[in-house]
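Novice: sequence-free structure coming up:
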């Protein structure tokens, strides 16, 4: 909504540039992970040198934790908007689920996410396609509203190319530790191929959803979780389960973020690691309850994108 929709037809170029950035960066992190072994600091030193590399290492951990806070707030907003539950319900539930999963370690985390992810992508894809088919006649009019600036939208940046840089930078920073770890464990060649397919699918679905959202733009402007509005427009029954679907989607993002932050400080499967996970999740849940979801997305992800794109170059 913030990275693609405000730029209308230029969302196509934004998705392409985002994909290019992520495929390049993820391949680089997987390669560095294979070369550097299990020293997580080394992947940043590999690219940026000893001093800047150390700074990027700790910035990545800090932003992973802040992005985890965004995910907690998103979980709370999803259940609040769809079911009328208090914000703390979704935040608390997501905190508990992510703490349990991340304490199990990277392999369990990857196995769980790999089972949930494709199913969620298929449901989001279905919702976007059907929404576009039902509302395609509104698309030209709503694109004109965007072009003429007649509808107020929260943006990540004023230009589509800058938005794409920030989107790519934010995502690559989030994925850096996970890609390096997977590169070390499974080999860079396998990870490069898999993540390239994944990024292309991600960019394509983002683009599809952007145009689906544009097709119903007046109805979704100002909502915290616009995809819930799409689901409600198709079927009340679909809307009833879509809140859970989005909750699960948030879970698949929140787990790697919490793992990235905690694993920077302590090794997996130690008491200190579990305690770190618990403390990070607990403090993150308090911040998630204090600041609205859309505001967190706009402030934290944009700042993270700036740091990430510096690392990319």
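Specialist: Received the coordinates, thanks. Treat the numbers as computed from the prediction; the structure is a model and nothing was measured.
Novice: can you pull up the most central residue in the chain?
Specialist: The chain has residue 253 as the residue nearest its centroid, 5.8 Å off, counting by Cα atoms, centre = their mean.
Novice: if I look at the nearest residue to it once chain neighbours are set aside, how far off is residue 174?
Specialist: Of all residues not flanking residue 253 in the chain, residue 71 sits nearest, at 5.5 Å (Cβ to Cβ, 6 or more residues apart in numbering). For the C-beta atoms, the positions are set from N, CA and C on the backbone; glycine is no exception. Residue 71 sits 10 Å away from residue 174, going by Cβ to Cβ, to the nearest Å.
Novice: overlap of the contact sets of the two?
Specialist: residue 257 (Cβ atoms under 8 Å, 6 or more residues apart in numbering).
Novice: of these two, who's got more company?
Specialist: residue 71 (26 against 22; other Cβ atoms under 10 Å).
Novice: that one contacts residue 249, correct?
Specialist: No: between residue 71 and residue 249 no contact is recorded; they are 9.6 Å apart, counting by Cβ atoms under 8 Å.
Novice: overlap in contacts, those two.
Specialist: If you check residue 71 and residue 249 against Cβ under 8 Å, 6+ apart, no residue is contacted by both.
Novice: just the strands in the stretch 101-250 of the chain please.
Specialist: Counting by DSSP state E, counting those that start in this stretch, the stretch 101-250 of the chain has no strands at all.
Novice: who's in contact with the residue nearest to residue 253?
Specialist: 94, 250, 253, 254, 257.
Novice: swap in 10 Å and give it another go.
Specialist: 91, 94, 98, 249-258, 284, 288, 293, 296 (Cβ atoms under 10 Å, 6 or more residues apart in numbering).
Novice: swap in residue 48?
Specialist: 54, 55, 56, 57, 310, 311 are the contacts of residue 48 under Cβ under 10 Å, 6+ apart.
Novice: what helices and strands are in contact with the helix or strand harbouring the fifth one?
Specialist: Right, residue 310. Assigned by DSSP states H and E, residue 310 belongs to helix 302-312. Using 3 or more Cβ pairs under 10 Å, 6 or more residues apart in numbering; DSSP states H and E as the contact test, the elements touching helix 302-312 are helix 11-36, helix 40-48, helix 50-83, helix 160-186.
Novice: any idea of the pLDDT on the nearest residue to residue 147 once chain neighbours are set aside?
Specialist: Excluding the flanking residues, the one nearest residue 147 by Cβ to Cβ, 6+ apart is residue 8, at 5.7 Å. The score at residue 8 is 94. That number is its pLDDT.
Novice: ok, so what distance separates residue 8 from residue 297?
Specialist: As judged by Cβ to Cβ, residue 8 and residue 297 stand 20 Å apart.
Novice: pretty sure residue 47 contacts residue 53?
Specialist: Yes: using Cβ atoms under 10 Å, residue 47 is in contact with residue 53, at 7.0 Å.
Novice: sort out which of the contacts of residue 71 are in strands and list them.
Specialist: Among those, no member falls in strands (criterion: DSSP state E).
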